[in-house]
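Colleague: Next come a sequence and a model predicted from it.
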Amino acid sequence: MLWPENRVSPGQVSPAVVDDTELEALYAYPDDLDRAWLQVNFVSSTDGAVAVAGQSAGLSSPGDKRIFALGRDLADVVLVGWGTARDERYRGIKSTELRRERRSRLGLASVPPIAVVTGRCSVEPDSPLVADTRVQPIIVTTESAPADRRAALTAAGADVIVAGDERVDPRQALVSLAERGLQRVCCEGGPQLFGSLIEADLVDQLCLTVSPLLAGGRAGRIAMGAPPEVPRRLALASVLTEDGFLMLRYRRAE
């Protein structure tokens, strides 16, 4: 169960539960969007590790998974880097009764597509991302990616977006998604993609779960890459807690 932080105090036994309706309102995208609006979703240990044994699942909790699923339910498209998609064994997003009901009520397609960012077009045509999906996957790549790989993915049914010459241009990628009517963008990592989005100052909201673990080891941080010219100031929008986990939501401060 998830508890609003301002309802929790030491020794409090029965705080009010945040139900699905409250969560949906809390995490809703802005109305009347005229551009791609980017939310980033991450979990980390208390000491900043992005993974345990190479995957984020070891840091998660039922409440974190609930918010993660909600992010997919409210989005037009899920954006993810190829390294994360490969390591976390991504495939097409599945339809559930709750997802169908929620997305139908909100006027969204039954499931959102996954857009995979890969500068070298490294996704194989028989990958579960392409072969095991209910909707057309999107591959975001570069002009310099091998033409035969791009052609093979197109032939396999993927929508291949070229955004940049040698390196994927995240701003151009978001514009291309918005041109397809995909304005509510939920990014699920990984650190290099998040770093490029920070560098380009494109992050509108960060949903960060802090796990009550000291993971140690050699795991990286949630964002890696060149820094922006000026660090982006964020405003704390909401705090939820569950069994020592913190679910923090930050929005860009204009």
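Modeller: Yep, that arrived. Quantities reported herein were computed from a predicted structural model and do not represent experimental measurements.
Colleague: give me the low-pLDDT residue ranges for the chain?
Modeller: 1-16 (pLDDT under 70).
Colleague: quick one, longest helix in it?
Modeller: helix 62-74 (DSSP state H).
Colleague: ok, and for that helix, which residues are buried?
Modeller: 63, 64, 66, 67, 68, 70, 71, 72, 73, 74 (16 or more other C-beta atoms under 10 Å). All C-beta atoms are positioned from the backbone trio N, CA, C, and that covers glycine.
Colleague: Which residue is the nearest non-sequential neighbour of the second one?
Modeller: Pointing back at residue 64 there. Of all residues not flanking residue 64 in the chain, residue 209 sits nearest, at 4.3 Å (C-beta to C-beta, 6 or more residues apart in numbering).
Colleague: List the residues that contact residue 42.
Modeller: Residues near residue 42 by C-beta atoms under 8 Å, 6 or more residues apart in numbering: 50, 189, 194, 206, 207, 208, 209, 222.
Colleague: any chance of these in a markdown table, plus neighbour count, secondary structure and distance to residue 249?
Modeller: Shown next, in a markdown table, are the contacts of residue 42 (neighbours: other C-beta atoms under 10 Å; DSSP: H, G, I helix; E, B strand; the rest coil; distance: C-beta to C-beta, whole Å):
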| residue | neighbour count | secondary structure | distance to residue 249 |
| --- | --- | --- | --- |
| 50 | 23 | coil | 18 |
| 189 | 24 | coil | 17 |
| 194 | 25 | helix | 16 |
| 206 | 23 | strand | 7 |
| 207 | 23 | strand | 5 |
| 208 | 17 | strand | 8 |
| 209 | 23 | strand | 10 |
| 222 | 21 | coil | 15 |
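Colleague: could these be laid out in CSV, adding distance to residue 19?
Modeller: Formatted as CSV, the contacts of residue 42 follow (distance: C-beta to C-beta, whole Å):
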residue, distance to residue 19
50, 30
189, 28
194, 30
206, 24
207, 18
208, 22
209, 19
222, 29
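Colleague: Isn't residue 47 up against residue 217?
Modeller: No - using C-beta atoms under 8 Å, residue 47 is not in contact with residue 217; the gap is 9.6 Å.
Colleague: what about stretch 238-246, how long is it end to end?
Modeller: 10 Å (C-alpha to C-alpha, to the nearest Å).
Colleague: Give me the buried positions along it.
Modeller: 238, 240, 241, 242, 245, 246.
Colleague: Out of those, flag the one nearest to residue 180.
Modeller: Among those, residue 238 lies closest to residue 180 (C-beta to C-beta), at 29.7 Å.
Colleague: Next up, phi/psi of that closest one, please.
Modeller: Dihedral pair for residue 238: phi -160, psi 160, per degrees, to the nearest 10.
Colleague: thinking it is in contact with residue 251, fair?
Modeller: No - judged on C-beta under 8 Å, residue 238 makes no contact with residue 251 at a distance of 9.4 Å.
Colleague: OK, contacts around the spatially closest residue to residue 83 that is not a sequence neighbour?
Modeller: Leaving aside its sequence neighbours, residue 83 sits nearest to residue 190 (C-beta to C-beta, 6+ apart; 5.3 Å). For residue 190, the contact set (C-beta under 8 Å, 6+ apart) comprises 50, 80, 81, 83, 84, 87.
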